[in-house]
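In: no FASTA, just this:
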């Protein structure tokens, strides 16, 4: 049900801000794919996460000061799942997997969140969710199958697809682990604090990035990932949710894999094969069939959602908040 049906005022500007955020998140795999050709995954992630964490400190510090000590293990676990468990496999996988394929595989994140909820939280699944999940997983099989991989790519492309899928599973765990903290402290505070906590392990790798030696285009891609996709995407998505309503705005996330595919074709010269396109259609159809309950976001970008607790809960599936809200990116991922 849309917020307008419940009497919540829908203010102008929400859709535009939401579209910009979705474009930033959709282009993240494209920028990462380009950047890993110049910078190894660990230095790349170290520089990206520490830059983003530094910008998020104004949100994180107040949250860390008031968090209950009993919640610290959960906060740390969420941060590690998001900043390491999600971002590291995606970045490594994008060395070998086309950005278009990665973007489509990342679109299955909401399905994995639902599966984790069914397995570990004893949530009940209706026929619609079962059918949608089956269709989406069939799309994954097509995208990651031999018909979709370029000739001569060997096992590396398959390994890249496996790593990206592992990242989506980690994102599902991140969402489930962070949910109680988002409900207790608010999604913005919970996401900022968990993002900073998850970035701390990268401090041990600072020596790998100093002094940074990147070309100007690579610096542009790095700043886009850290400040554009992660921070600006979160702030814009936050604005969109407040102005447009979570139910209405969350539907824009279905456009994210489309942006990834188009961005890969325009900026990287990738050619989407028939198998990749067919698999992408299945993935998006499967997520659509599961309904609004399958709408999700990325850890370091989307779990930041502003507004009242009721608005944030309305943006999630059965109480899940959109990370940004990414309520995921936030990190979007990749």
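Out: That came through, no problem. Remember, predicted model here, so these are calculated numbers, not experimental data.
In: which residues does residue 49 contact?
Out: Neighbour list for residue 49: 83, 87, 198, 199, 202, 226, 300 [criterion: C-beta atoms under 8 Å, 6 or more residues apart in numbering]. C-betas here are computed from N, CA, C, even on glycine.
In: Mind doing that once more with 10 Å?
Out: 83-84, 87-88, 195-196, 198-203, 205, 225-226, 230, 300, 331 (C-beta atoms under 10 Å, 6 or more residues apart in numbering).
In: Name the helix or strand for it, please.
Out: Under the criterion of DSSP states H and E, residue 49 resides in helix 41-66.
In: Run the chain-centre distance for that helix.
Out: Centre-to-centre, helix 41-66 and its host chain are 16 Å apart (C-alpha atoms, centre = their mean, to the nearest Å).
In: again with stretch 255-269
Out: From the chain centre to the centre of stretch 255-269 is a distance of 16 Å (C-alpha atoms, centre = their mean).
In: what stretches of the stretch 51-200 of the chain score poorly on pLDDT?
Out: Residues of the stretch 51-200 of the chain that meet the criterion pLDDT under 70 lie in 121-123, 125, 144-154.
In: go with 80
Out: Applying pLDDT under 80 to the stretch 51-200 of the chain flags residues 107-130, 133, 136-137, 140-155, 187-188.
In: and the contacts of residue 49, which are buried?
Out: Neighbour-count burial (16 or more other C-beta atoms under 10 Å) applied to these gives 83-84, 87-88, 195-196, 198-199, 202, 225-226, 230, 300, 331.
In: Take those residues and write them to TSV, including secondary structure and distance to residue 99.
Out: Shown next, in TSV, are those (DSSP: H, G, I helix; E, B strand; the rest coil; distance: C-beta to C-beta, whole Å):
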residue	secondary structure	distance to residue 99
83	helix	21
84	helix	21
87	helix	15
88	helix	17
195	helix	23
196	helix	28
198	helix	24
199	helix	24
202	helix	23
225	helix	13
226	helix	18
230	helix	17
300	coil	18
331	coil	16
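In: pretty sure residue 106 contacts residue 280?
Out: No - counting by C-beta atoms under 10 Å, residue 106 does not reach residue 280; the two are 11.2 Å apart.
In: Could you name every residue contacting both of those two?
Out: 257, 260.
In: Compare the two and say which is more crowded by neighbours.
Out: residue 106 (28 against 25; other C-beta atoms under 10 Å).
In: Can you tell me how far the more buried one is from residue 30?
Out: For residue 106, the distance to residue 30 equals 12 Å [C-beta to C-beta, to the nearest Å].
In: Identify the residues contacting the nearest residue in space to residue 176 that is not next to it in sequence.
Out: Spatially, and ignoring its direct neighbours in sequence, residue 176 is nearest to residue 116 (5.4 Å; C-beta to C-beta, 6 or more residues apart in numbering). Taking C-beta under 10 Å, 6+ apart, we find residue 116 in contact with 123, 169, 171, 172, 173, 174, 175, 176, 177.
In: what sits against the last one?
Out: Taking C-beta under 10 Å, 6+ apart, we find residue 177 in contact with 73, 74, 75, 76, 77, 78, 79, 80, 81, 82, 116, 194.
In: separation between it and residue 76?
Out: From residue 177 over to residue 76 the distance is 10 Å, taken as C-beta to C-beta.
In: What of the fourth one?
Out: Taking C-beta to C-beta as the measure, residue 172 falls 18 Å from residue 76.
In: Cool, thanks, talk later.
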